[in-house]
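**Q** From the sequence below, what's the structure:
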Amino acid sequence: MPTDFFGGISSVFKNKDMVQIDYVVDEDRIIGRDDELESLAQSLYPATNGSKPSNCLVYGKPGTGKSLSVKFITQRLKEKAKVNDYSVGIAYVDCSQSSSETDAVIRIAQQLNDPDVSGVRIPDTGLSTGQFYQRAWEAMDATLDVSIVILDEIDKHHSYDDLLMTLSRAGEANKLTNSSLGVIGISNKPRFTDKLNERTLSSLGERRHVFPPYTATQLKEILEARKDAFKEGVLEEGITARVAALSAREYGDARKAMDIFRYAGEIANETQSEVVKDEFIDEAFERAERDEILEIISTLPYHSTLVIQSVAALAADRNTEQEPVTTTEAYSLYKRKCSLEEISPLSERRVRDLLEEAEFLEIITRTTKAAGKAKGSRTTITLVDDPEKTLEACKLIEPDE
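**A** Numbers count the residues shown, from 1 in each chain. Modelled structure (predicted):
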C-alpha cells in the first residue's frame with residue numbers, strides 16, 4: 001500500500017491566503033485608509049462614466065497599504081462603471097519583475113485584450129516595442145471605454161520615463177480614438193518625481209496621493225481583521241499586539257506585520273504545535289527580515305548576487321564605520337568567488353554598473369571621497385541591511401542556468 005505522506009500533517013491555518021499582503025480583502029478589513037480611498041476615488045471617478053480619469057502617483061513607505069488600496073478601489077470603479085453601462089479594463093504590472101519597457105507593454109496589452117472581440121493577437125515575443133504598443137492601442141479601442149494601467153513599484157522600472165510618457169500621451173497623440181487611458185504609478189520613494197524629466201511630468205499631469213505609515217494600533221486592527229486566516233483558538237493571547245508592536249518599530253509596515261504573522265503560523269506547523277505561541281514571534285521576525293532581502297536580490301542576475309555577497313562578507317568581518325568596504329576590495333573577493341564556482345568574472349567596470357543597480361534598488365549605498373593629493377578618489381560601500389542576514393539571503397539564490 002502506498003505511503004500517505006500528507007495524512008499525518010496538520011495546520012493551524014484555515015485560509016492562509018488571508019495573511020498574504022496582496023490578498024484583496026473586503027472593505028471592512030481595510031484599516032486606516034478611508035481618507036486615501038476617498039482621495040483615489042475622486043481622481044478616478046470620471047471613468048465610472050466612460051471618461052478619462054486623472055493620472056495618479058501614489059507614494060508611501062513599503063507596507064502602507066498602497067497596492068492593496070489601489071487594487072481595491074479600481075475593482076470598485078470597474079463594478080460601478082459596469083452598472084453605468086461602461087466597460088473598464090484594469091492592467092496590473094509589478095515593475096520590479098517586468099523591468100523592460102517591452103515586457104511591461106506585453107503584460108498591459110494581454111490583460112486589456114479580449115481577442116474574441118478585438119481580433120487582436122498579442123504574442124509573448126516576436127514584435128518590436130512599437131508594434132506591441134500598437135496592438136495594445138487596437139485592443140483597448142476595440143474592447144474598452146476606459147483602461148486603467150497600474151504600475152506598481154514604478155521607480156524600479158528601467159525605462160520609467162519612456163513608459164509613463166507613452167502611456168500618458170496615448171490620447172493626446174491620437175493613439176486611442178474610441179477609448180481613454182489612465183495611469184496609476186505606485187512608488188516607495190516620495191521624491192520619485194524628482195527623477196522624471198519635465199516632459200514626462202507635464203504629460204502625466206498627475207494627482208499625488210501620499211500614504212502615511214500605520215500606527216501600532218492600526219497594525220493590531222489589521223491583524224485582528226485577518227485572524228480568521230487561522231483556525232479557531234490556535235492563536236496564543238497577545239500575539240497580534242506583539243506582532244503589531246514589532247512592525248510599528250519598523251516604520252508602520254503592514255507587509256512586515258503580515259509576514260511575521262504568517263511565519264509564526266508556519267513555525268507552529270513545522271514544530272507540530274497546535275498553538276501559535278508568543279515564543280515563535282522572534283524567529284518569525286528573523287525570517288521576515290531575511291526574506292525581505294531575498295525578495296529584492298532574487299530579481300537580480302547571479303553575478304549581482306555574488307557581488308552583494310562579497311560586500312556582505314567583507315562587512316560582516318569588520319567594523320565598517322572604522323574600516324568601510326571599498327569597491328576594489330569587493331571586486332577582488334567577487335573574482336575569488338567566481339574562481340571557486342568555476343565561472344568567468346565580469347570586468348571591474350561591469351561590476352561597478354551592478355553596484356550602481358544595487359544602489360538604485362536600495363540594497364547598498366555608495367560614497368565617493370577624495371583619497372588624497374594625486375591619489376584620485378575612493379568609493380566605499382555600505383549595506384542597507386544587516387550583513388549576516390544579507391549573506392543568508394544570498395546563499396539561497398541558485399546560479400543562473
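
**Q** quick one: stretch 344-357 to chain centroid distance?
**A** On the basis of CA atoms, centre = their mean, to the nearest Å, stretch 344-357 sits 25 Å off its chain's mean C-alpha point.

**Q** how about it: buried residues?
**A** Buried residues in stretch 344-357, counting neighbours by 16 or more other CB atoms under 10 Å, are found at P345, L346, V351, R352, L354, L355. Yep, even glycine has a C-beta here, placed from its N, CA and C like the rest.

**Q** hey, what's the nearest residue to T327 once chain neighbours are set aside bridged with?
**A** Closest residue in space to T327, ignoring its immediate chain neighbours: T379 at 4.6 Å, by CB to CB, 6 or more residues apart in numbering. Beta-bridge pairing of T379 under DSSP bridges involves T368.

**Q** Which residues are in contact with T379?
**A** For T379, the contact set (CB atoms under 8 Å, 6 or more residues apart in numbering) comprises T326, T327, R366, T367, T368.

**Q** Go again with 6 Å.
**A** T327, R366, T368 (CB atoms under 6 Å, 6 or more residues apart in numbering).

**Q** a helix runs through the second one, doesn't it?
**A** No. Using DSSP: H, G, I helix; E, B strand; the rest coil, the assignment for R366 is strand, not a helix.

**Q** Next up, the contacts around it.
**A** E359, T379, I381.

**Q** Filter the buried residues of stretch 344-357 down to the ones in helices?
**A** Secondary structure assignment by DSSP state H places V351, R352, L354, L355 of the buried residues of stretch 344-357 in helices.

**Q** what about T305, helix or strand, and which?
**A** Assigned by DSSP states H and E, T305 belongs to helix 302-316.

**Q** State the mean pLDDT of that helix.
**A** Taken as a whole, helix 302-316 has a mean pLDDT of 92.

**Q** What separation do you get for T320 and L383?
**A** 8 Å (CB to CB, to the nearest Å).

**Q** Please disregard the earlier target; I meant K231.
**A** 40 Å.

**Q** gap between V25 and I397?
**A** Note on V25: its distance to I397, by CB to CB, is 32 Å.

**Q** These two: who's more crowded?
**A** Between V25 and I397, counted using other CB atoms under 10 Å, I397 has the larger neighbour count: 17 against 14.

**Q** which residues does the spatially closest residue to that one that is not a sequence neighbour contact?
**A** For I397, ignoring the flanking residues on the chain, the nearest one in space by CB to CB, 6+ apart is T305 at 4.7 Å. T305 is in contact with I297, C394, I397, counting by CB under 6 Å, 6+ apart.

**Q** Specify which member of those residues is nearest to E221.
**A** Nearest to E221 out of those is I297 (CB to CB; 32.5 Å).

**Q** Now for that closest one, how many residues are close by?
**A** 19.

**Q** Look up the pLDDT of it for me, please.
**A** Confidence score, pLDDT, at I297: 83.

**Q** Now do it against I308, distance only.
**A** On the measure of CB to CB, I297 and I308 end up 6 Å apart.

**Q** And for F211?
**A** Counting by CB to CB, the gap from F211 to I308 is 29 Å.

**Q** now swap in S54 and tell me
**A** Taken as CB to CB, the span from S54 to I308 is 39 Å.

**Q** got the contact list for P115?
**A** P115 neighbours (CB under 6 Å, 6+ apart): none.

**Q** ugh, wrong one, L354
**A** So L354 contacts S304, V307 (CB under 6 Å, 6+ apart).

**Q** With T390 as the reference, measure out to it.
**A** Taking CB to CB, one finds L354 at 15 Å from T390.

**Q** ditto for R191
**A** Taken as CB to CB, the span from R191 to T390 is 25 Å.

**Q** More neighbours: these two, which one.
**A** Neighbour count, other CB under 10 Å: between R191 and T390, T390 has more, with 27 against 9.

**Q** For the more buried one, pull up the helix or strand it's in.
**A** Per DSSP H and E, T390 falls inside helix 387-395.

**Q** now that helix against helix 302-316, angle please.
**A** With axes from the mean of the first three to the mean of the last three CA atoms, to 10 degrees defining the directions, helix 387-395 sits at 160 degrees from helix 302-316.

**Q** which residues of this structure fall in strands?
**A** 56-59, 88-94, 146-152, 180-187, 207-210, 325-326, 364-370, 377-383 (DSSP state E).

**Q** Any idea which residue is closest to the centre of this protein?
**A** Nearest to the centroid of the C-alpha atoms of the chain, with distances taken as CA atoms, centre = their mean, sits E153, at 5.4 Å.

**Q** Just read off the phi/psi values of it.
**A** Dihedral pair for E153: phi 50, psi 50, per degrees, to the nearest 10.

**Q** roughly how far apart are it and R318?
**A** Distance from E153 to R318, by CB to CB: 33 Å.

**Q** How about D278?
**A** 36 Å.

**Q** Between these two, point out the one with more neighbours.
**A** D278 (16 against 12).

**Q** so what pLDDT did the spatially closest residue to P345 that is not a sequence neighbour get?
**A** In space, and not counting its chain neighbours, P345 is closest to C338: 4.0 Å by CB to CB, 6+ apart. With respect to pLDDT, C338 has a value of 93.
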